[in-house]
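**Q** A predicted structure for the sequence below; I have some questions about it.
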Amino acid sequence: MEKLFAIIILYVVTVNPAAAQESRGRRSDIREHAMKRLTDGKHDDMVLYFTSNSVLADDKQMIFIRTVDNSNNIWTLNMETGEERQITYFTETSPHALPIHDFRQHDYPALNVGSVVLHSKTGMIYFVKDRKLWRFDLNGNGRVLASLPSKVDIGNCHVNEAGTKFLTCTVDDRAFDLQDANHSNNLDIDRYIRQRNLASHLLVYDTDNGDLLLDETVHSAWVDHVQFSPVNDSLILYNHEWAAVDEGIRRLWLFDGRSHIRLRTEGDGRSRDDGVSHEMWERKTGHLIYHGTYAGGAKFIGRITFDDPRNPSDYTITEIPLPAECKKYGHFSVSNGNMLVSDGHYALPDEKESWGGEWITLFKPDWERKTVELIPLCRHRSSWKCQEVHPHPVFNHAADAVIFTSDFEGRRAVYKVDLEPSDR
């Protein structure tokens, strides 16, 4: 691994005063932290998609996906000894290097890497393969729970806090007719879906017997990033993926078991022309986190707090514009507390131009004061060349380390950076 050099920089920045809300961002004295490769570096490995944690509740084991000759399998890593152990032994391959969720899927039997979710408390692993819902334990004992509908494409998945319900989403396979015909982009797919009123579905299955518990139709939408609320699993967060127009008010949705609630509306500096991304629940509170870009160009982080997290009828939207050096693409995920971590956004003033960010950075927001402290931890140096090398950082459960993917050593591997007491 390349040697990491320490840097110390101190300055104070103020965000664009034209942004919707006044905010100050501060970067503290920072020493670049050392990052450690966890997987062997001889194969192509990745953490689970950001809607699932990859680490078991005791922080002693991690689940990751290894791809060998285009065949995807699930492995576990002992975080204390470094021992790797294979969980699944599938040999089927994919016509693409790794299927996430944005092309036809009914014609191959490989494990869908975007579907893999871990229930951290029990170690049970759930995923979709060959149009079937599978369940495996850490000893490699697995079985098929249910068969999924035909002629649909599967999105990301989730499991509730109790480990009793598995959630996934599907979209009508005809949504990708344009992609097959002329390699159109994802915005064209959203337009095509709405023009033809193609539907997505929210599907919930019992994780014990595979019974279908919910099949909820979402019309004229490409639904993804489905997640149960951690405090009330009758609340399902989802998005309208790759909204071609009005993303600022079309992205974030909540299904409460009866109705579909549009969460982000116009007003207080918010516009339908804003970009919004990567929504997720806070782990303990039942509130929501997301991020985006205002129509004027400033980046922001947002939070939706419910007066009663078990009843979504009344809520408050708070957004904090980010400092000017937060200008690159990236994801956010949450800790068990108030910290966020990103694989993008922050950039040094003299950093080379690139689409995706280079840093794993802590964000410590004060939502009442609408300020945020940035603590860059390390350069992940991912190439960002495809979804599978996006770092997708996640905290462990103690929130004293961040796990992420990078390909800077030539192959895709899983890395860890430890937080220091002063970071927290």
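**A** Received, thanks. Numbers count the residues shown, from 1 in each chain.
**Q** quick one, helices of the stretch 51-200 of the chain?
**A** According to DSSP state H, counting those that start in this stretch, the stretch 51-200 of the chain carries its helices in the segments 177-182, 186-195.
**Q** what residues of stretch 34-53 count as buried?
**A** Of all the residues in stretch 34-53, those buried under the rule 16 or more other Cβ atoms under 10 Å are 35, 37-39, 44-53. To be clear about C-beta, it is placed using only N, CA and C from the backbone, and glycine gets the same treatment.
**Q** how about stretch 208-228?
**A** The neighbour-count check on stretch 208-228 (16+ other Cβ under 10 Å) flags Gly210, Glu216, Val218, Ala221, Trp222, Val223, Asp224, His225, Val226, Gln227, Phe228 as buried.
**Q** out of these, who's nearest Ala398?
**A** Using Cβ to Cβ, Gln227 is the member of the buried residues of stretch 208-228 that lies nearest Ala398, at 22.0 Å.
**Q** how about that closest one, what does it touch?
**A** When contacts are counted by Cβ atoms under 8 Å, 6 or more residues apart in numbering, Gln227 is found next to Thr51, His158, Leu167, Ile236, Leu237, Tyr238, Glu279, Met280, Trp281.
**Q** what bridges to it?
**A** In this entry, Gln227 is beta-bridged to Leu237, by DSSP bridges.
**Q** ditto for Ile125
**A** For Ile125, the beta-bridge assignment (DSSP bridges) gives partners Leu118, Phe136.
**Q** pLDDT below threshold where in the stretch 151-300 of the chain?
**A** Residues of the stretch 151-300 of the chain that meet the criterion pLDDT under 70 lie in 179-184.
**Q** the strands in it, which residues?
**A** 152-154, 158-159, 165-172, 199-206, 212-219, 223-228, 236-240, 252-255, 260-262, 275-281, 288-293, 299-308 (DSSP state E, counting those that start in this stretch).
**Q** one step back: so which of the helices of the stretch 51-200 of the chain is nearest Tyr205?
**A** Set against Tyr205 and scored by Cβ to Cβ, the helices of the stretch 51-200 of the chain come closest in helix 186-195, at 24.3 Å.
**Q** just checking, Ala57 touches Leu118?
**A** No. Distance between Ala57 and Leu118: 9.9 Å, which falls outside the contact criterion (Cβ atoms under 8 Å).
**Q** what's the local residue count around Ile317?
**A** Applying other Cβ atoms under 10 Å, we find 17 other residues in the vicinity of Ile317.
**Q** measure it to Thr265 for me?
**A** Using Cβ to Cβ, to the nearest Å, Ile317 is found at 8 Å from Thr265.
**Q** cool, Val223 as well?
**A** For Val223, the distance to Thr265 under the criterion Cβ to Cβ works out to 19 Å.
**Q** check Tyr294 too.
**A** The value you get for Tyr294 to Thr265, if Cβ to Cβ is used, is 15 Å.
**Q** the two: which is more packed in?
**A** Set side by side, Tyr294 and Thr265 give different neighbour counts by other Cβ under 10 Å, the larger being at Tyr294 (21 against 12).
**Q** please report the distance of the closest residue to that one other than its chain neighbours from Gly356.
**A** For Tyr294, the nearest residue in space outside its immediate sequence neighbours is Asp274; the separation is 5.3 Å by Cβ to Cβ, 6 or more residues apart in numbering. As judged by Cβ to Cβ, Asp274 and Gly356 stand 20 Å apart.
**Q** more neighbours, the two?
**A** Looking at Asp274 and Gly356 with other Cβ under 10 Å, you find the greater number of neighbours at Asp274, namely 24 against 19.
**Q** and that one, backbone torsions?
**A** With angles defined as degrees, to the nearest 10, Asp274 shows backbone torsions of phi -70, psi 160.
**Q** I'd say it and Arg250 touch.
**A** No. Using Cβ under 8 Å, Asp274 is not in contact with Arg250, being 10.6 Å away.
**Q** if I look at the residue lying closest to Asn112 once chain neighbours are set aside, how far off is Thr122?
**A** Leaving aside its sequence neighbours, Asn112 sits nearest to Val128 (Cβ to Cβ, 6+ apart; 4.7 Å). Note on Val128: its distance to Thr122, by Cβ to Cβ, is 19 Å.
**Q** neighbour count for those two, which is higher?
**A** More neighbours sit around Val128 than around the other of Val128 and Thr122, counting by other Cβ under 10 Å; the figures are 25 against 15.
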